[in-house]
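S.K.: Below is the structure, and that's it, no one-letter string:
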Ligand code: DGT
Ligand code: CA
Ligand code: CA
């Protein structure tokens, strides 16, 4: 699918236009289209073939033409033109937190800065400090932003890599016997360095030749008889290995990592007088396991350890003591707690959302639109909430397939009170409280107050971080966990691909405090409902079991839990 490639280009056009100081509506049009294409679950080529591009949210005449142009020619002329004017290296500086288009213009005009090194230099020699809008604090912020940017550079979000992986697997499947992801992607880390793929095939050379000739390949880094590394059009590195079928399990184990998990495993093998490598588990020269992963762990005296746990965070010790958690599974998830409808800033009608959720196998969902003070996101007036609730009642009466809960994502205001009166909150089936404003103002205290309100069921995206963009609120998480446990408030695992908040480690800590976690896709369009899967990945990486995750409970339990 070309969806992601085109989404990427639209995002970059948006960035460049912003830098140029163009009309915000124009900039937004590209960004909105980009987001919409990222979330689309249908192939753009198919939609274009049926002449239905204009039906995609955020796709108007001009954008539709550009999509068609890319599908026909593999490029978009407008992008090629403005790219010449503004080299990518400069535009990529916009990804640094604290560097906006204004700062970038200043850097361009004053210093003719061309890249990150140039920016670091003017920070270092203090020539940036003191310029208009460049107080010491601002410069310090940019410096911190650079550190964050450097750490994330070259890493790809799990939610971006997974669709690409599926696409590649579909293409390779007819040519190979077994195929699986490996590396951090198989461990479902929130961001990955590269996509590792492992296969077995009769003729490895043929598979390699086929792989490097696929249309998404931009550049070939290395190719051999049994492996190849390429850079995809999206700039993501993909490593493919073809291994003999009797060592598939050993190779899968080895290349799944993590490195530190494997090092521990190797020392266990040594204790037992064995040797482990990517070809198998050996006693002397005799191979005793290697065909599949299960037999390797078994031969080492361990139960199977799921890939998501292989981070050397105590999983090997737990395996030895037979105390590994039985991780929550995707098919145990009964509902989605966090979906926006067209009443606030979502794209779709509640009826369509319920239909789609039903086809994904969910039995309930909570429509949680934004509350009144979040004006930029179409927050609902009290009157609109009541009107929406009536529609939900009507839909629930009409169809019993999926139960729709009357929820709201209610803002926590500056003083810690909520954005609606309690009388309205009591009318709702589910209340998610969230901070969207005042990130630096007493976040811990405000969240405490929200959790102490008996009408609040869940705290949304508790740390406010964005994986690729910002670190999150300053808050005392331990305190939050304590109060959540005390007040029986669940904490969200927001499954939107750039949030994943709480993350894996914090979810695990929350569980240790006795807190329940609630996964919500935070969908704003139908295509986003699939992100629920990312939330489950976080839960599994956080050692969570079925009982720790609110979404596995039947509705009767969840609604009863309210206000008790
Ligand atoms: P990434 O790509 O940075 O997100 O992280 P990984 O874990 O996917 O790392 P990658 O792609 O460099 O290598 C894939 C796996 O292969 C890694 O998790 C463990 C294994 N591996 C690679 N190099 C070594 C090594 O030198 N020693 C050991 N024991 N394992 C290695
Ligand atoms: Ca990797
Ligand atoms: Ca790799």
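M.R.: Structure received. Treat the numbers as computed from the prediction; the structure is a model and nothing was measured. Ligands and ions are numbered 1, 2, ... in the order given.

S.K.: ok, residue 480 - contacts?
M.R.: Residue 480 makes contact with 444, 447-448, 451, 459, 462, 491, according to C-beta atoms under 8 Å, 6 or more residues apart in numbering. All C-beta atoms are positioned from the backbone trio N, CA, C, and that covers glycine.

S.K.: I misspoke; the intended subject was residue 373.
M.R.: Going by C-beta under 8 Å, 6+ apart, residue 373 touches 379, 411, 413, 419, 437.

S.K.: quick one: which of those is nearest ligand 1?
M.R.: Distance to ligand 1 across the contacts of residue 373 (C-beta to the nearest ligand atom) is lowest for residue 437, with 34.2 Å.

S.K.: out of the contacts of residue 480, who has the most neighbours?
M.R.: Highest neighbour count within those: residue 491, with 30 neighbours (other C-beta atoms under 10 Å).

S.K.: before we move on, what SS does that residue have?
M.R.: Secondary structure, DSSP: H, G, I helix; E, B strand; the rest coil: residue 491 is strand.

S.K.: Quickly list what it is bridged to.
M.R.: Legend: beta-bridge partners of residue 491 under DSSP bridges are residue 459, residue 517.

S.K.: I'd say it and residue 514 touch.
M.R.: No: the pair residue 491 and residue 514 does not pass the contact test of C-beta atoms under 8 Å, sitting 11.4 Å apart.

S.K.: Now the residue in the stretch 151-300 of the chain positioned nearest to ligand 2: closest residue in space, sequence neighbours ignored.
M.R.: Of the stretch 151-300 of the chain, the residue with the smallest distance to ligand 2, taken as C-beta to the ion, is residue 183 at 3.1 Å. Excluding the flanking residues, the one nearest residue 183 by C-beta to C-beta, 6 or more residues apart in numbering is residue 196, at 3.4 Å.

S.K.: and the helix or strand hosting the one you found, which strands flank it?
M.R.: According to DSSP states H and E, residue 196 maps onto strand 195-199. Sheet pairing of strand 195-199 (DSSP bridges) gives strand 179-182 (antiparallel), strand 237-242 (parallel).

S.K.: closest one to residue 207 among these?
M.R.: strand 237-242 (5.3 Å; C-beta to C-beta).

S.K.: Mind checking what helix or strand follows the closest one in sequence?
M.R.: helix 248-256.

S.K.: which parts of this structure sit against ligand 2?
M.R.: Counting by C-beta under 5 Å from the ion, the chain comes close to ligand 2 at 183-184, 193-194, 196.

S.K.: and which of these is nearest residue 334?
M.R.: Distances from residue 334 to these, taken by C-beta to C-beta, are shortest for residue 184, at 29.1 Å.

S.K.: Contacts only, for the closest one.
M.R.: 192-193, 196, 257-258.

S.K.: and the biggest strand by length in the chain, what does it pack onto?
M.R.: Using DSSP state E to define each element, the chain has its longest strand at strand 403-411. Strand 403-411 makes packing contacts with strand 335-339, strand 364-370, helix 382-398, helix 422-427, strand 430-434 when contacts are defined by 3 or more C-beta pairs under 8 Å, 6 or more residues apart in numbering; DSSP states H and E.

S.K.: repeat that for 7 Å
M.R.: Packing partners of strand 403-411 (3 or more C-beta pairs under 7 Å, 6 or more residues apart in numbering; DSSP states H and E): strand 364-370, helix 382-398, strand 430-434.

S.K.: Can you report phi and psi for residue 300?
M.R.: The phi/psi pair for residue 300 (degrees, to the nearest 10) reads phi -90, psi 0.

S.K.: Skipping its backbone neighbours, what lies nearest it in space?
M.R.: In space, residue 300 is closest to residue 268, 5.4 Å off (C-beta to C-beta, 6+ apart).

S.K.: Tell me which helix or strand that neighbour sits in.
M.R.: Going by DSSP H and E, residue 268 is in helix 259-271.

S.K.: Same check on residue 281?
M.R.: Assigned by DSSP H and E, residue 281 falls in strand 280-283.

S.K.: just residue 84 next, same as before
M.R.: Short version, using DSSP H and E: residue 84 is in helix 77-85.

S.K.: and what of residue 118?
M.R.: Judged by DSSP H and E, residue 118 forms part of helix 116-124.

S.K.: what packs against that helix?
M.R.: Against helix 116-124 (3+ C-beta pairs under 7 Å, 6+ apart) you get helix 101-111, helix 136-152.

S.K.: Select, out of those, the one closest to ligand 3.
M.R.: Between those, helix 136-152 lies closest to ligand 3; by C-beta to the ion that is 17.7 Å.

S.K.: Single out the residue in the stretch 301-450 of the chain that lies closest to ligand 2.
M.R.: For the stretch 301-450 of the chain, C-beta to the ion, closest residue to ligand 2: residue 307, 12.3 Å.

S.K.: wait, that residue sits on residue 189?
M.R.: No: the criterion here is C-beta atoms under 7 Å, and residue 307 misses it with residue 189 at 10.1 Å.

S.K.: Dump the strands paired with strand 195-199 to a markdown table, plus mean neighbour count, distance to residue 94 and mean pLDDT.
M.R.: Formatted as a markdown table, these follow (neighbours: other C-beta atoms under 10 Å; distance: least, C-beta to C-beta, whole Å; pLDDT from 0 to 100):
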| stretch | mean neighbour count | distance to residue 94 | mean pLDDT |
| --- | --- | --- | --- |
| strand 179-182 | 21 | 31 | 98 |
| strand 237-242 | 22 | 23 | 97 |
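
S.K.: Present those as JSON lines; the columns should include distance to ligand 3.
M.R.: Below are these laid out as JSON lines (distance: least, C-beta to the ion, whole Å):
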{"stretch": "strand 179-182", "distance to ligand 3": "8"}
{"stretch": "strand 237-242", "distance to ligand 3": "4"}
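
S.K.: Adjacent strands (with direction) for the longest strand of the chain?
M.R.: For strand 403-411, pairing defined by DSSP bridges yields strand 364-370 (parallel), strand 430-434 (parallel).

S.K.: okay if I get those as CSV plus distance to ligand 3, mean pLDDT and mean neighbour count?
M.R.: Listed next are those as CSV, based on distance: least, C-beta to the ion, whole Å; pLDDT from 0 to 100; neighbours: other C-beta atoms under 10 Å:
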stretch, distance to ligand 3, mean pLDDT, mean neighbour count
strand 364-370, 37, 97, 26
strand 430-434, 37, 97, 26
